[in-house]
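Engineer: here is a sequence with its predicted model. Questions after.
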Amino acid sequence: MSKKIYIVLTDTGTLLSKAIGLYTKRDLNHASIAFDEGLREMYSFGRKQRHNPFIGGFVKEEATEGIFEDANCAIFSCEVTNEEYVRMRNKIRQFERDQELYRYNFIGLFGVALNKDIQRDRAFFCSQFVATIVNEAGLAMFSVNPNLVQPHDFAKVACLLQEYDGDLQAYLHKKRGQQERRLVRVSMWKSLAFRLLA
């Protein structure tokens, strides 16, 4: 049975995002990977503190808060095998376990601008991180090294299906609202069954 992963491109409106946009001439300049359609399990490399863009690294992102509150987005899905899915989740767990060892790859951003392959140990920018996760799972999305992948490159990947384009919070309200109503309904039936069988 296959599973789905989600690639999330966002326009967060931050100074760094705007600066990157001056080079890319694109609006959606942040990339994340998520493992559920409600984006509760969403990961990337970005700022660790809301008001300080210079302290960055591996982050589990909360799509309803902080820099995402007024974000526009494009969301893509990709069907993967169970083995590929497990490899990605294991890699994420490794990042979580060792997150203090990782930092944001500001120098790598200049490498992208100059089309130079700059390798740095334990340093990533957002799209480099997402490309690394999918590459190491065995999904051949790109012919270039992850440290040359830009967020908008994901929009051109053949195996990615665009699910949504627009306001991120509107998407979350729709998806999480449905999921939460479903959980309440299941919980109600379980409770009723327990009372009848007790």
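Structural biologist: Everything's here; your move. It should be emphasised that the depicted structure is a prediction, and the values quoted were computed from it without experimental measurement.
Engineer: any idea how far residue 127 is from residue 100?
Structural biologist: Summarising the geometry, the distance separating residue 100 from residue 127, computed by C-beta to C-beta, to the nearest Å, is 22 Å. For every residue, glycine as well, the C-beta is placed using N, CA and C.
Engineer: between the two, which has more neighbouring residues?
Structural biologist: Neighbours were tallied for residue 100 and for residue 127 using other C-beta atoms under 10 Å; the higher tally belongs to residue 127 (30 against 8).
Engineer: once you drop chain neighbours, what's closest to the more buried one?
Structural biologist: residue 31 (4.3 Å; C-beta to C-beta, 6 or more residues apart in numbering).
Engineer: how about the one you found, secondary structure?
Structural biologist: When the structure is reduced to helix, strand and coil (DSSP: H, G, I helix; E, B strand; the rest coil), residue 31 reads as strand.
Engineer: does it touch residue 9 like I think?
Structural biologist: Yes: under the criterion of C-beta atoms under 8 Å, residue 31 lies in contact with residue 9, with a separation of 5.6 Å.
Engineer: which residues do these two both contact?
Structural biologist: Common neighbours of residue 31 and residue 9 are listed as 151, 154 (criterion: C-beta atoms under 8 Å, 6 or more residues apart in numbering).
Engineer: count the neighbours of residue 93 for me.
Structural biologist: 10.
Engineer: same question for the one 10 residues further on.
Structural biologist: Residue 103 is flanked by 17 other residues according to other C-beta under 10 Å.
Engineer: that one and residue 134, how far apart?
Structural biologist: With distances defined as C-beta to C-beta, the gap from residue 103 to residue 134 amounts to 21 Å.
Engineer: and for residue 85?
Structural biologist: 11 Å.
Engineer: give me the common contacts of those two.
Structural biologist: Contact criterion C-beta under 8 Å, 6+ apart; residues shared by residue 85 and residue 134: residue 5.
Engineer: and these two? Which one has more around it.
Structural biologist: residue 134 (27 against 17).
Engineer: for the one helix or strand that one maps to, what is the average pLDDT?
Structural biologist: The secondary structure element spanning residue 134 is helix 126-136 (assigned by DSSP states H and E). Mean pLDDT, helix 126-136: 96.
Engineer: and stretch 2-9, by the same measure?
Structural biologist: Over the span of stretch 2-9, the pLDDT mean works out to 96.
Engineer: quick check: buried residues in it?
Structural biologist: Of the residues in stretch 2-9, those with enough neighbours to count as buried (16 or more other C-beta atoms under 10 Å) are 3, 5-9.
Engineer: skipping its backbone neighbours, what lies nearest residue 68 in space?
Structural biologist: Spatially, and ignoring its direct neighbours in sequence, residue 68 is nearest to residue 168 (5.8 Å; C-beta to C-beta, 6+ apart).
Engineer: fine by me, thanks again.
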